[in-house]
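> Sharing a sequence plus its predicted fold:
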Amino acid sequence: MSGSMSGDRSQGQVSTVLRLLNEVVRGSSGIPRDCARRFSEYAKRLEVIINQVDKILSETPPPPVQTALKGIAADLRKVEATTGVYNNKCKIYLLIHCRNLCKILQETAQSIGNWLALLDLGLQNNNDLQKKSDQLSREMQQAQFSVTENEERICSTLEKEAHGRLTAKAVQNAIIMDIARALGMDSERNRLELSQQIQLLKDDLRDSNDENDLHILHSLERMFDNWAIEPVVVSKPIDSDAEEDAPIPPFKTFLCPLTKEVMKNPVVLESSQSYERSAIQHWFAHCREQGRDPTCPVTGQVLKSLELRPNISLSGTIQEWVDRNVDIRIKSAIQHLGSSASVEDCERALDDIYKISEEYPSSRYKLRKSGLIPIIVEAMQRPSQGHVGSQLRSKVLMTLLSMAGDDDSKKMMVEAGVSRLASKSLGATPEKEKEYAVRLLLEFSNVKEFCLRIASEKGSLLLLSGMAGNVENPTLSNLAEQVLRKMEDVEENVHQLAAAGRFQLLLTLLCEESAAVHIKNGNGIVTLVAFLEDPELDHRIHAFKLICILSERLGQDFAPVLRNNNRLVLLKDKLLNSGLYASEECSAAAYILANLPLSDHEVKNVLGADLIGCIVNALKEQRGNRAGRNSWAGNTMVEGLLGLLLHFARCSDRTVLDSVRENRLMIVFKEQLMYHGQPKVKLLSAKGLRYLSEAARTVAKDLEPQPPNGWCVSYMLMCVNPPPTPVLCPVHGVPCDQDSMFCLVKANAIKPLVELLEDSNIDVQTAAVEALSTILSDTNNLKACVEELDKEEAVQHILGLFFVVRPGQLQERIVWMIERILRVDEQSQRYSLDQSMVKALVEAFKHGNSSTRQLAQSALTNLKELSGASAGVLSRSRLQRFGNPQ
């Protein structure tokens, strides 16, 4: 009975397997992929074997046969489900899922191959069938279903594009060509079929919730829409029967296959296909990024050489076509800009002129020589009101701005009155018109002669000055500020700028040596200081700004005058009463106080330690205020506040130092150093770090642990465990921590200072060297100090700067540091045979001042070897042979 049931089950399993095989073969026929075709062939051969097994099965088949049939059936169900998903799907759907399909079919084929090996154990009495089964088993176990290199590349590219990666239009078009090639289509000839395949993909994904597939669909639609744009082209020769005055479309050979635009710099690949140089370079970069060999996008040919040969013949033909069409378009534009032309005609003509100027910069001389500039200016002067008039003027200014690429065009525009018209547009209501006007004036301001013309236009500088202070429109404000700064480069504009409230040029001229001496000797300081309390706001602001500039040179002379009548308190009150907001008066007051030589008593009792916290908060607000970064008040405020902090950093009063620690000035200076690009700010911040580091020796004494006193303390120490030994600072020899705020090492301030050594400003470099040199001031702990500098590569950067620096203060400070560094045996041994070091020290000894020469001599002595000499300390007489300066 049990044997009969076992036989029935086996018969049922055979029937199931045969049914599943038929379904798999039928389902695979609807998947036009090589992997599906190969699996279908395996299924047909397996069907033959299973039919023969069915014929020879006994009523009680061996267990291996039953297990094998059951396993094969389970695997075939997986394949049936897979073919059901992919059956009758469009080509693109199968392409983007080809890796998954191949993976499933390969794993299933190998699994069925293993089941067939088990089936062989039950077919030992049928050699022929066993042989067939064994052969199919081995083939399926070794089956490899892989996608082509091109398919793998396309799948990877589509996934990246689908996840928001933006690529150039040229690369997207090349991807479409790759996809068409993978689908067996020609992207140009089968454009409609490719479009239909994308629509079929959309249909296939209509009910899909797979986000990846949907993203790929949207990406494909976007790329194909760009690709599908058909530019108008002609196939007739240029000298055909086309109308003489009508522009002709480009020939198809003029268009880059990747950009679909007329080529400006056509190049030829080894495949003989021409492309726009920049477009094909984008494609090559994409190929390298994908880790693939660069190909010709049109032909798909793998390129052995990436040489881009200029297509001189095609370039000449395109230029001939461009010249002909530009001449025709210019002639047409002149006609449409005539006095009787409508506003719409004028706007169309201006649009076309702008396109010519932007698309063909080399043809701008044609626009200039055609006499278009005065015609355009005349169009701008026509009576037109409201929105229409402003729109026309905006187009005129935009067009002139595009044409103003050379001095000849600018000169012609200025002579035609463009600067006057642009100045009038500065007062227009629409922002766009004002922006084009300012941009045009900025273009003119690059030439001194045109700067004078702009300044002479009535009200132009006053309007620009108003725009520069408009924080509601940062773009316009920044442009206006750039124009005004160009105006300030021309001394002849001083009167017009002052009348517009721009006193920087006037103040600069007043600060020249002769003017400063005259102010100092002619009782001018007392007169100026009196104006700080003038009831007239303009007078006060002018006085504050003038003293602000003069205080850099005459701070020592202004100090006693300001001390009288308590005017130092007046300046401080200006700061506090304004909440340290960057107004002109407040900024100037901060700057003046920063430039005065104040005693410790004045720092403590006039400024007061409480001011430190207010300054730190104000600096944080200034860093977040983008609108004020480029304004005079904003920059002056930051420099003034940092200068005030220097007073506190230099002060030796204990109360002030405690406030310095509490407000973490070391971190404040370091942040300003790292995040502010102004040279003066970097200079002041580096000085602040130097002063704090110099104060560290004094502060460190307070941190030294004091020995306990008294017999009770001794008794307690015997009864309890001793406290852990604190970690000592390698520079100061005491337990400095991050909150000590006087240690460059613990505040991680060495690296930012090292980066300043590469600054282009020599004063900033000098301040950085002086700050770093404070670490080497203790001769008793030089080795540890040098090691700390070496960790941040400071020694290497110091030496690099030393090799190129000229004689002066910076060289002296660097030689001082090098002399200290070479006192450490490891360092002197490292550089003892360094010929560059020896040469630079000898040059410093020859050309430096007396202090530098003495330091250079000591450094050479520390090296112990000169130019490879084996031993001996360099004597003074030997140094003199290198040339002792007189």
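Cool, the structure landed.

> Please make it C-alpha for all contacts and neighbour counts, starting now.
OK.

> Report how many residues lie close to the closest residue to residue 761 other than its chain neighbours.
Using C-alpha to C-alpha, 6 or more residues apart in numbering and skipping residues adjacent in sequence, the residue nearest residue 761 is residue 679, 6.9 Å away. Counted with other C-alpha atoms under 10 Å, the neighbours of residue 679 add up to 16.

> likewise residue 305?
11.

> if we can go back for a sec, and the pLDDT at the residue nearest to residue 761?
For residue 679, the pLDDT comes out at 85.

> ok, now residue 866?
pLDDT at residue 866 comes out at 42.

> now do residue 731
pLDDT at residue 731 comes out at 69.

> residues contacting residue 105?
35-36, 39, 79, 145 (C-alpha atoms under 8 Å, 6 or more residues apart in numbering).

> again, 7 Å this time
residue 79 (C-alpha atoms under 7 Å, 6 or more residues apart in numbering).

> again, but for the one 3 residues further on
By C-alpha under 7 Å, 6+ apart, the contact set of residue 108 is residue 75.

> Quick check: it is in a helix.
Yes - with DSSP: H, G, I helix; E, B strand; the rest coil as the criterion, residue 108 is located in a helix.

> Let the chain start at 711 from now.
Sure thing, new numbering starts at 711, so read that last one as residue 818.

> could you measure it against residue 781, distance?
11 Å (C-alpha to C-alpha, to the nearest Å).

> Pull up the overlap in contacts between these two.
By C-alpha under 7 Å, 6+ apart, no residue touches both residue 818 and residue 781.

> Next, count neighbours for residue 1003.
Neighbours of residue 1003 using other C-alpha under 10 Å come to 12.

> Next, it: phi, psi?
phi -70, psi 130 (degrees, to the nearest 10).

> do residue 1012 as well
phi -70, psi 130.

> residues in contact with the closest residue to it other than its chain neighbours?
The shortest distance from residue 1012 to any non-neighbouring residue, by C-alpha to C-alpha, 6+ apart, is to residue 1005 (4.3 Å). Contact analysis of residue 1005 by C-alpha under 7 Å, 6+ apart lists 1011-1013.

> shaky segments in the stretch 1311-1460 of the chain?
1334-1340, 1407-1438, 1440-1451 (pLDDT under 70).

> So which residues of it form helices?
1320-1334, 1342-1360, 1364-1372, 1375-1385, 1389-1413, 1421-1429, 1460-1466 (DSSP state H, counting those that start in this stretch).

> Pull out the buried residues from the third one.
The reference is to helix 1364-1372. 1366-1367, 1369-1371 (16 or more other C-alpha atoms under 10 Å).

> what does the longest one give?
Of the residues in helix 1389-1413, those buried under the neighbour-count criterion (16+ other C-alpha under 10 Å) are 1389-1407, 1409-1410.

> Repeat that for the first one.
Residues of helix 1320-1334 classed as buried: 1321-1322, 1324-1326, 1328-1329, 1332-1333 (neighbour count, 16+ other C-alpha under 10 Å).

> Switch these over to a markdown table; also include distance to residue 760.
Converted to a markdown table, those look like this (distance: C-alpha to C-alpha, whole Å):
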| residue | distance to residue 760 |
| --- | --- |
| 1321 | 95 |
| 1322 | 93 |
| 1324 | 91 |
| 1325 | 90 |
| 1326 | 87 |
| 1328 | 87 |
| 1329 | 85 |
| 1332 | 84 |
| 1333 | 81 |
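
> Going by distance to residue 1497, which of the residues you listed wins?
The closest of those to residue 1497 turns out to be residue 1326 (C-alpha to C-alpha; 32.6 Å).

> so how far is residue 1318 from that closest one?
Following C-alpha to C-alpha, the distance that separates residue 1326 from residue 1318 is 14 Å.

> repeat for residue 1062
Applying C-alpha to C-alpha to residue 1062 and residue 1318 gives a distance of 67 Å.

> same deal with residue 1246?
30 Å.

> Please give the number of neighbouring residues around the residue nearest to residue 1499 when sequence neighbours are not counted.
Closest residue to residue 1499 apart from its sequence neighbours, by C-alpha to C-alpha, 6+ apart: residue 1505 at 6.2 Å. When neighbours are defined as other C-alpha under 10 Å, residue 1505 has 19 of them.

> burial measure for residue 1274, as a count.
When neighbours are counted by other C-alpha under 10 Å, residue 1274 comes out with 9.

> of the buried residues of helix 1320-1334, closest to residue 1487?
Out of the buried residues of helix 1320-1334, the member with the shortest distance to residue 1487 (by C-alpha to C-alpha) is residue 1322, at 27.7 Å.

> residues touching that closest one, list them.
So residue 1322 contacts residue 1355 (C-alpha under 7 Å, 6+ apart).

> Looking at residue 1246 and residue 1318, which one has more neighbours?
residue 1318 (16 against 10).

> any idea how far the more buried one lies from residue 1459?
Counting by C-alpha to C-alpha - residue 1318 and residue 1459 are separated by 27 Å.

> next one: residue 1363
24 Å.

> quick one: which of those two has more around it?
The neighbour comparison of residue 1363 against residue 1459 (other C-alpha under 10 Å) goes to residue 1459, with 22 against 13.

> was I right about that one contacting residue 1380?
Yes - the pair residue 1459 / residue 1380 is scored as a contact, 6.2 Å apart, by C-alpha atoms under 7 Å.

> Going by residue numbers, what spans are strands in this structure?
When assigned using DSSP state E, the strands of the chain occupy the ranges 976-978, 984-986, 1019-1020.

> Kindly present the contacts of residue 1005 as CSV, with separate columns for pLDDT and distance to residue 1076.
Formatted as CSV, the contacts of residue 1005 follow (pLDDT from 0 to 100; distance: C-alpha to C-alpha, whole Å):
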residue, pLDDT, distance to residue 1076
1011, 88, 42
1012, 89, 43
1013, 90, 41
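
> what does the model give the residue nearest to residue 1499 for pLDDT?
87.

> Isn't it up against residue 1497?
No - here residue 1505 does not reach residue 1497: they are 9.2 Å apart, not a contact under C-alpha under 7 Å.
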